[in-house]
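> A predicted structure for the sequence below; I have some questions about it.
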Amino acid sequence: KAVDVDVRITDTLATTEMKVTVENHGSSTTQAQLVLPVPAGATIRTFGIDGIGEEPTAQLLPREEATRRYHEIVRSMVDPGLLEFVGSALIQSSVFPVNPGESRTMTIVYEQSLDAHKGRVEYVLPRSASLASSAVQWSIDIEVESSGAMGPVFSPSHPIVTKPVTDRLMRVGVPMLSEPGPFRMYAMLGSGQEATALLYPDADDPDSGYFMFVADAPTIDKTQQQIKREITIVIDRSGSMGGEKIIQARESAKQIVQGMAMGEFVRVIDYAGDVRSFSDQPVELTPDSIKQVVAYIENIQARGGTNLHGALVEALRSDATPDTLPMVLFLTDGLATVGVTGESAIRKDAQASNASGKRVFTFGVGYDVNAPLLDGIAMDTKAESTFVLPNEDVEIKVGQVFDKLDGPVMIDPAFGAHASDSSQAGPTLFEVEPRELGDLFSGSRVVVLGRYSELPDGGSNFWVGPNRLFCGTGMTPEQMESMNKPRLEAAVDASDATIKHAFVARLWAQQRINALINEIRLASADGTPPNKELVDEIVRLSLEHGIMSEYTAFLADESMDLARASSFTGTVQVVDGMIDSNRDRSGAAGVSQAENRKNQDSSMAMKVVQEQADQDGDGYAYTGGQVQSTGNITSNTYYDSSMRQVRVQTVQRGLQGTLYRKNGQWVDAQLGESAAEEPQQTIEFDTESYWALVDDLTKQDRQWVLSNRGEIYLMNRGQRVLVKNPQ
């Protein structure tokens, strides 16, 4: 019925308290028993069951004994579901009664020592990857305490909400545990490091693989801030902005002005068919100038057409104030109707006008906006786009973005790597995503995914540092040196690569697919057809990693066999779908594509989004907390052309590998076009060959594939194997 988990992590010691509630919906008393997979090395501290007379007992079975018990349960229940946990330890309780219509809650507390690797600890809570397991209600609360400075805390498996209590104590909530799969969290504790890197070896070439680099920018307050901001606020006052929208836009603009520091610079531009502004140049903020700017904002009224091009060029044409980070917050609720209106022409003129390198954060209000245009403008300037959907509040959405832009600490950051030994060549990095990094602000996070080869024997350092030097007014030489040196570094070597980090390859593939789709989408403004090579790569990565989007979801249809999906047919359908979708530059269909790109952006996966965390019904309301946006990393979901959320239920993803539901079978993605061929071996449930296969897959961390009912068609060590599990 429900599982409530409280976790306390103190340096390398983790204490987990689980309350497991079961309910008897039948008409007679039933006998229940708790069988709980736990990490190897765990020890039981306490166990109890409410509402029963005799003292319950629980025993911990170590890995080998637990494996035998898993086998016994699978045989006796004729149910392969527990096979995914083979290889872990097991807590087993005594049998206890549950009367009709009643529920029982078991409370178990276990402890484990977490391995620390270069200051990074990993906490894993075993949970089923089965799509059918999501009916159980889960909640997790975590406290993480470090004896030293705390670095990044992140989860590659589920969204988390973080709330720092002190500089060494953090609360973590997990608001979306309805998604299947084990919960996995990493924390940099006591090391003073602000960055870490995880490596996953390529199965075909152990000298190469995939990496994920995660770093947190230092948190500074306004008294420490060295880089001032110049913010130009551009407000659409066309007739369609009338009513509540223009009121919210004015309030958000006032919120920005009043939230900036004295000595920073601001300019306000408003546009309809014409373009107006408070001043020709940004003005320095003083108590008097703030009053004047706010008074101007309060008098902005909505009427007229939409000269989007004119307002954008006006915001970009002027030189930036020296020694500032220039940013534009550009808001519109409609299509360009006055002046230059073509999407390609507007982007081209914006690039030509932006000699100062201003960052343009775009806001599209409602559905009647050109979503690819707003995405493209933001991408061209290393900024972000935001879409305010109908019934959402403009002021809240703008405020959330503005909060992230507080305290710039690194302008034009670049990602790179070098050998720890300066006499050696550094590693080769390729297919790195994102291709360009945005500026880093106080407390923000940067996540980089990519592929590597030729790691030097003496180790390497992956780093993020400034791409151009910054000279702030009044900075001492020491401050300038600190500001301009690579400051976020993680040491790695070849031995760090492990199959436990298999999720890194999927996160990279998801980001790669997203970037390729976006490249095609933005290039299609003038009707350019999708590039076939890019589409081929999208299809290949989607099938291999089980990542479905609005363009590739048909690959998961049960009627589309895997061999046909892997062939030219799949590419043709994706091309046709993209041509149709890319005609929709505005409306719900256009905005849905923009929202899908953001939700499926795995470089955002472990990033911190500073907003109020208030997930109704999940028990997490950490006001002022920080939410990690994971998009669809834990599930295959996307918005269709009517902004309805679609969930793909015919793809199952484990730590290692992907299964597709095809014509009544679960089919291994590794089979590819060979899925159309006859199996080379057929294995029946509960035979000697069956248990030998379980052992072999466990060594590969792939035993989860056998936990499904019915037929499973696998590729194992180059052999096509058909497994006949009970239905």
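Perfect, I can see it now. Residues are numbered from 1 along each chain as shown.

> separation between Val257 and Leu405?
Val257 is 13 Å from Leu405, where distance means CB to CB, to the nearest Å. In this view, the C-beta of every residue, glycine as well, is placed from N, C-alpha and C.

> again, but for Thr332
Taken as CB to CB, the span from Thr332 to Leu405 is 19 Å.

> next one: Gly710
Taking CB to CB, one finds Gly710 at 52 Å from Leu405.

> look at these two and report which has more neighbours.
Leu405 (24 against 14; other CB atoms under 10 Å).

> how about stretch 341-360: buried residues?
Within stretch 341-360, the residues that count as buried by 16 or more other CB atoms under 10 Å are Glu343, Ile346, Arg347, Asp349, Ala350, Ser353, Asn354, Lys358, Arg359, Val360.

> kindly reformat those as TSV containing pLDDT, distance to Val667 and secondary structure.
Shown next, in TSV, are those (pLDDT from 0 to 100; distance: CB to CB, whole Å; DSSP: H, G, I helix; E, B strand; the rest coil):
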residue	pLDDT	distance to Val667	secondary structure
Glu343	89	41	helix
Ile346	95	46	helix
Arg347	94	43	helix
Asp349	96	50	helix
Ala350	95	47	helix
Ser353	96	53	helix
Asn354	95	50	coil
Lys358	96	50	coil
Arg359	96	46	strand
Val360	97	46	strand
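
> now flag whichever of the residues you listed is closest to Glu298.
Comparing the buried residues of stretch 341-360 against Glu298 with CB to CB places Val360 closest, at 24.7 Å.

> can I get the CA coordinates of stretch 338-357 in PDB?
Output of stretch 338-357 as PDB, limited to C-alpha atoms (Å, rounded to 0.1, in the frame of the first residue of the first chain):
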ATOM      1  CA  VAL A 338       4.700  44.700 -37.300                       C
ATOM      2  CA  GLY A 339       8.000  45.300 -39.100                       C
ATOM      3  CA  VAL A 340      10.200  42.300 -39.800                       C
ATOM      4  CA  THR A 341       8.200  39.200 -39.100                       C
ATOM      5  CA  GLY A 342      10.200  36.300 -40.600                       C
ATOM      6  CA  GLU A 343      11.700  33.900 -38.000                       C
ATOM      7  CA  SER A 344      15.100  33.500 -39.800                       C
ATOM      8  CA  ALA A 345      15.400  37.300 -40.400                       C
ATOM      9  CA  ILE A 346      14.600  38.200 -36.800                       C
ATOM     10  CA  ARG A 347      17.300  35.700 -35.500                       C
ATOM     11  CA  LYS A 348      19.800  37.000 -38.100                       C
ATOM     12  CA  ASP A 349      19.200  40.600 -37.200                       C
ATOM     13  CA  ALA A 350      19.400  39.900 -33.500                       C
ATOM     14  CA  GLN A 351      22.800  38.200 -33.900                       C
ATOM     15  CA  ALA A 352      24.100  41.100 -36.000                       C
ATOM     16  CA  SER A 353      22.900  43.700 -33.400                       C
ATOM     17  CA  ASN A 354      24.400  41.900 -30.400                       C
ATOM     18  CA  ALA A 355      28.000  43.100 -30.500                       C
ATOM     19  CA  SER A 356      28.100  43.200 -26.700                       C
ATOM     20  CA  GLY A 357      27.100  39.600 -26.300                       C
END
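
> that one: how far from the chain's middle?
31 Å (CA atoms, centre = their mean, to the nearest Å).

> ok, and what's touching that stretch?
273, 305-310, 312-313, 316-320, 326, 335-336, 360, 370, 372-373, 376-377, 380-381, 525-526, 585 (CB atoms under 8 Å, 6 or more residues apart in numbering).

> what separation do you get for Asp406 and Ala197?
From Asp406 to Ala197 the distance is 27 Å (CB to CB).

> for Pro62, same thing?
Going from Pro62 to Ala197 by CB to CB gives 32 Å.

> give me the more crowded residue out of these two.
Using other CB under 10 Å as the criterion, Pro62 and Ala197 rank with Ala197 on top: 25 against 12.

> so the more buried one bridges to which residues?
Phe213 (DSSP bridges).

> and Tyr638, by the same measure?
Here Tyr638 sits in beta bridges with Val646, as judged by DSSP bridges.

> burial measure for it, as a count.
Neighbour number of Tyr638 under other CB under 10 Å is 24.

> pLDDT below threshold where in the stretch 351-500 of the chain?
By pLDDT under 70, the weakly predicted segments of the stretch 351-500 of the chain are 467-486.

> any chance you could map the helices in it?
371-380, 394-404, 477-484 (DSSP state H, counting those that start in this stretch).

> tell me which of these lies nearest to Thr498.
helix 394-404 (33.0 Å).

> that closest one packs against which elements?
Secondary structure elements in contact with helix 394-404, counted by 3 or more CB pairs under 8 Å, 6 or more residues apart in numbering; DSSP states H and E, are helix 244-259, strand 324-332, strand 359-365, strand 385-388, strand 608-610.

> can you dump the C-alpha coordinates of that helix into CSV?
Output of helix 394-404 as CSV, limited to C-alpha atoms (Å, rounded to 0.1, in the frame of the first residue of the first chain):
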residue,chain,number,x,y,z
VAL,A,394,3.7,35.6,-15.5
GLU,A,395,5.1,37.2,-12.4
ILE,A,396,6.0,33.8,-10.8
LYS,A,397,7.6,32.4,-13.9
VAL,A,398,9.7,35.6,-14.5
GLY,A,399,10.6,35.7,-10.8
GLN,A,400,11.9,32.2,-10.9
VAL,A,401,14.3,33.0,-13.7
PHE,A,402,15.4,36.2,-12.2
ASP,A,403,16.2,34.4,-8.9
LYS,A,404,18.6,32.2,-10.8
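
> give me the distance from that helix to the chain's centre.
20 Å.

> now it against strand 359-365, angle please.
Angle between the axes of helix 394-404 and strand 359-365 is 160 degrees (criterion: axes from the mean of the first three to the mean of the last three CA atoms, to 10 degrees).

> how distant is the lengthiest helix in the chain from the center of its chain?
In the chain, assigned by DSSP state H, the helix with the most residues is helix 503-523. Relative to the chain's own centre, helix 503-523 is displaced by 13 Å; criterion: CA atoms, centre = their mean.

> packing partners of the helix or strand where Ile44 lies?
Assigned by DSSP states H and E, Ile44 belongs to strand 43-49. Counting by 3+ CB pairs under 8 Å, 6+ apart, the packing neighbours recorded for strand 43-49 are strand 58-61, strand 89-93, strand 103-113.

> go ahead and name everything in contact with the shortest one.
Where contact means CB under 8 Å, 6+ apart, the residues beyond strand 58-61 that reach it are 34, 38, 42-44, 47, 69, 89-94, 108, 110.

> mind checking how far Leu429 is from Glu454?
From Leu429 to Glu454 the distance is 10 Å (CB to CB).

> right, I mislabeled it, should have said Thr286
From Thr286 to Glu454 the distance is 56 Å (CB to CB).

> what's across from Ile231 in the sheet?
Beta-bridge partners, per DSSP bridges, of Ile231: Val266, Met327.

> quick one on the thing from earlier: out of the helices of the stretch 351-500 of the chain, which one sits most buried?
Most buried of the helices of the stretch 351-500 of the chain, by mean neighbour count (mean count of other CB atoms under 10 Å): helix 371-380, with a mean of 24.

> you'd agree Asn158 is up against Pro182?
Slight slip there: residue 158 is His, not Asn. No - proximity of His158 to Pro182 does not meet the contact threshold set by CB atoms under 8 Å, at 9.4 Å.

> settle it for me: which of those two has more neighbours?
His158 (24 against 20).

> and that one, backbone torsions?
With angles defined as degrees, to the nearest 10, His158 sits at phi -150, psi 160.

> going forward can the numbers begin at 628, since that is how I track them
Got it, first residue is 628 now, which makes that one His785.

> kindly state the pLDDT recorded for it?
His785 carries a pLDDT score of 86 in this model.

> if we can go back for a sec, buried ones in the longest helix of the chain, by neighbour count?
Counting neighbours by 16+ other CB under 10 Å, the buried set in helix 1130-1150 is 1130-1145, 1147-1150.

> which strands and helices sit next to that helix?
By 3+ CB pairs under 8 Å, 6+ apart, helix 1130-1150 packs against strand 822-828, strand 835-843, helix 998-1007, strand 1055-1060, strand 1072-1080, helix 1159-1172, helix 1195-1209, helix 1214-1226.
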